[in-house]
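Participant: sequence unknown, structure follows:
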C-alpha cells in the first residue's frame, strides 16, 4: 500500500506550473520505514492471511509469500533500473507510458484507480466489522458495519483534505506497535508449539503442498499484501542518492515484508496444526488472529490485537486515500479528468478537490454494498481485496513489458540482466500469476461466474477506457509525466 509524500505535486507539463523540488534528505532506511508503515502489516496478517489459508492452499499458504517475494524481486530489477532513467517520481503508469506510449500509460492509470479503489472498499468493510466486534466485546453498542465504516471515512476524508503530513505521522506511529505484537505472538507460538500435538507446521514451506487446494486464490491474497511496495520510487525526489537509494529500499522493503508475512502465516498455521488450520480459518477469518492471541497471550493480548487491528486498518485507509487522491490530482492536472480536480489547496497544499472526489466515490460504494446486504468480511473484504490484487498483478505485468521495450530501444543504458533477463523472468512469473488468478476468480466471488466475468470486464474496460480517451484527446496525455 502506498503512502503519499508531504506536499508533493506532479510535474504538470507546459500548460501548468512546475512542481516544487523537494529536499533530498531520505536514506534507504527512512524510505523502507514509510513503505512498510503504509503496508499496515497487521491488516494483512489478521485479514488476508486467514482468508488465504481458508480458501487458498491451506497449511501451505506461507510458502506462497516466499514464491511471491522471489517473483517480485525479479520484477524489481527492471523496475528500479527504469527508476534510474525516468526522472519523474512516479511508478507504474509513468513507466508504462515511457515504454509503451501514452494510451497504455493512461490506461494503466485508470486500471490503478479501479484496483486501489477496490482494496480501499475492502478495508472499509473489514474496519466496519472489526470496530463493531471491538465495541460489542467490551460492552459497547452493536451497530451495522457501515455506520462504523462511515465514521472512519469521515476522519480519513478530513485528514486527506487538510494535510498529508499528518497522515504520514499517524502511519509511522502505528507501525511499531502492530509489528511488535505480531512478532511476539509468532515467537510465543514457535516456542510453545501449537495444534493438538504441540508440533509446528511442516506443510507451510513444502514445495509439494504449494500447489494444493486453490493456488490461484492463494496468490491473489499473497500479492495483496505487497500492494504499494513500488511506492519506493515515489520518493525519488527526496532520496539523498536516488540511483542507489531507490533500488536498495525496494529490495529491502520486499524482503522485510515477505519474511514478516511468511513467518506470521507459518505461526498462525502452527497454532492450529497443519490438519486443522484451514478449517479454523474458514469458520471466521476476521477473528482468527485475535482468538489466537487470546489463546497464547491471554485476554490482554487478544484485546491488544483487536485494538491495533482497528488502528492498522485505519492506517491502510489513510494510505489508499492518499494515493488515490494523487492519481486523481495528476489526471486532473493533465486534463484527462476535469482540470478542477487537479487544483491544490492554497493553505494546506493538499489535493483537496481530488480528496473530496475520492471520499464521495468510496462513500457511494459503501452505500451500495450496504444496500446489497453484503457481508463485510466474507464478501466485501474477500471479494474486493482479491479484485485489487488481480489488477495490481496486471499493472506489474504491464510494467515488466514496458521495461523490456524501453531498454530495447536504449541498449546502451543497462546490461542484459537489468533490461531483459530479470524483467523477462519476473514478467513470466507475473503472467502465470495472472492466469492462475483469473482462472480462480469464480471461486473468489462465491462460485458465481457472472460476477467473476463482471469483475474481469471492469478491470479490462478501465484500462481500455483510459487508452481510448487518450487516443480521442491526444493533447491531454502529453502533460502526464509524474504520478505523485
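Facilitator: Happy to help now that I have it. From a predicted model like this one, the values you see are computed outputs, not experimental measurements.
Participant: doesn't residue 151 make contact with residue 317?
Facilitator: No: using CB atoms under 8 Å as the test, residue 317 is too far from residue 151 to be in contact (11.3 Å). (Glycine included, C-beta is placed from N, CA and C.)
Participant: Could you check which of these two is surrounded by more residues?
Facilitator: Using other CB atoms under 10 Å, the more surrounded residue of residue 317 and residue 151 is residue 317, with 28 against 14.
Participant: Not counting sequence-adjacent ones, nearest residue to that one?
Facilitator: What sits nearest to residue 317 in space, not counting adjacent residues and going by CB to CB, 6 or more residues apart in numbering, is residue 156, at 4.9 Å.
Participant: Might one say that that neighbour is in contact with residue 356?
Facilitator: No: Residue 156 sits out of contact with residue 356 when judged by CB under 8 Å, with a separation of 11.9 Å.
Participant: And those two? Which one has more around it.
Facilitator: When residue 156 and residue 356 are compared on other CB under 10 Å, the one with more neighbours turns out to be residue 156, at 25 against 16.
Participant: in what helix or strand does that one lie?
Facilitator: Counting by DSSP states H and E, the element that carries residue 156 is helix 145-162.
Participant: what is the mean pLDDT for that helix?
Facilitator: When the per-residue pLDDT values of helix 145-162 are averaged, the result is 89.
Participant: what's the offset of that helix from the middle of its chain?
Facilitator: Relative to its parent chain, helix 145-162 has a centroid offset of 19 Å by CA atoms, centre = their mean, to the nearest Å.
Participant: on contacts alone, who are the packing partners of that helix?
Facilitator: Helices and strands touching helix 145-162, by 3 or more CB pairs under 8 Å, 6 or more residues apart in numbering; DSSP states H and E, are helix 102-137, helix 164-192, helix 288-333, helix 352-371.
Participant: Would you reformat the ones you listed as CSV and include distance to residue 282?
Facilitator: Compiled in CSV, these are given as follows (distance: least, CB to CB, whole Å):
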stretch, distance to residue 282
helix 102-137, 16
helix 164-192, 20
helix 288-333, 10
helix 352-371, 22
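Participant: Ok, which of the ones you listed comes nearest residue 395?
Facilitator: Closest to residue 395 of the helices and strands packed on helix 145-162, according to CB to CB: helix 102-137, at 6.0 Å.
Participant: Identify each buried residue in that closest one, please.
Facilitator: Neighbour counts over helix 102-137 (16 or more other CB atoms under 10 Å) mark 102-134 as buried.
Participant: ok so, going back, check what contacts the helix holding residue 156 and list those residues.
Facilitator: Contact partners of helix 145-162, identified using CB atoms under 8 Å, 6 or more residues apart in numbering, comprise 124-125, 127-129, 131-132, 135, 166-167, 170, 313-314, 317-318, 321-322, 325, 345, 348, 350, 352, 355-356, 358-359, 362-363, 366-367, 369-370, 376.
Participant: likewise stretch 278-295?
Facilitator: Defining contact as CB under 8 Å, 6+ apart, one finds that stretch 278-295 is touched by 45-47, 49-51, 53-55, 58-59, 126, 129-130, 133, 181, 185, 189, 213, 268, 271-272, 301-302, 304-306, 309, 377-378, 381-382.
Participant: Write the PyMOL selection for whichever of those are buried.
Facilitator: Applying 16+ other CB under 10 Å to the contacts of stretch 278-295 leaves a buried subset, and the PyMOL line that selects it is:
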select buried, resi 45+46+47+49+50+51+53+54+55+58+59+126+129+130+133+181+185+189+213+268+271+272+301+302+304+305+306+309+377+378+381+382
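Participant: Next up, phi/psi of the most centrally placed residue in the chain, please.
Facilitator: For the chain, residue 227 is the residue whose C-alpha lies nearest the centre (CA atoms, centre = their mean; 2.5 Å). Here is the backbone geometry of residue 227 (degrees, to the nearest 10): phi -60, psi 120.
Participant: any idea how far it is from residue 56?
Facilitator: The span separating residue 227 from residue 56 equals 17 Å under the rule CB to CB, to the nearest Å.
Participant: Residue 189 too?
Facilitator: Applying CB to CB to residue 189 and residue 56 gives a distance of 20 Å.
Participant: repeat for residue 179
Facilitator: Spatial separation of residue 179 from residue 56 under the definition CB to CB is 24 Å.
Participant: Neighbour count: the two, which is higher?
Facilitator: The neighbour comparison of residue 179 against residue 56 (other CB under 10 Å) goes to residue 56, with 26 against 20.
Participant: Excluding covalently adjacent residues, which one is nearest to that one?
Facilitator: Of all residues not flanking residue 56 in the chain, residue 218 sits nearest, at 3.0 Å (CB to CB, 6+ apart).
Participant: Touching the helix or strand hosting that neighbour from outside, list them.
Facilitator: For residue 218, the host element (DSSP H and E) is helix 215-224. Applying CB under 8 Å, 6+ apart, the set of residues contacting helix 215-224 from outside is 44, 48-49, 51-52, 55-57, 60-61, 64-65, 67-68, 119, 261, 385-386, 388-390, 392-393, 433, 436-440, 443-444.
Participant: and if you look at stretch 427-441?
Facilitator: The set of residues external to stretch 427-441 that reach it, using CB under 8 Å, 6+ apart, is 68, 70-71, 74-75, 214-217, 219-220, 223, 386, 389-390, 393-394, 396-397, 400-401, 404, 452, 455-456.
Participant: Just the buried residues of those residues.
Facilitator: Members of those classed as buried by 16+ other CB under 10 Å are 68, 71, 74-75, 214-217, 219-220, 223, 386, 389-390, 393-394, 396-397, 400-401, 404, 452, 455.
Participant: my read: residue 68 touches residue 210, true?
Facilitator: No: counting by CB under 8 Å, residue 68 sits too far from residue 210 to count as a contact (11.4 Å).
Participant: Torsion angles phi and psi at the closest residue to residue 281 other than its chain neighbours?
Facilitator: Leaving aside its chain neighbours, residue 281 sits nearest to residue 54 (3.7 Å; criterion: CB to CB, 6+ apart). Note on residue 54: its backbone torsions stand at phi -70, psi -40 [degrees, to the nearest 10].
Participant: What pLDDT does the model give residue 54?
Facilitator: Note for residue 54: predicted pLDDT of 92.
Participant: got the contact list for it?
Facilitator: With contact set as CB under 8 Å, 6+ apart, residue 54 has these partners: 278, 281, 282, 285.
Participant: Next, work out how far apart the closest residue to residue 337 other than its chain neighbours and residue 445 are.
Facilitator: In this structure, residue 337 finds its nearest non-sequential neighbour in residue 331, 4.4 Å apart by CB to CB, 6+ apart. In this structure, residue 331 and residue 445 are 29 Å apart, going by CB to CB.
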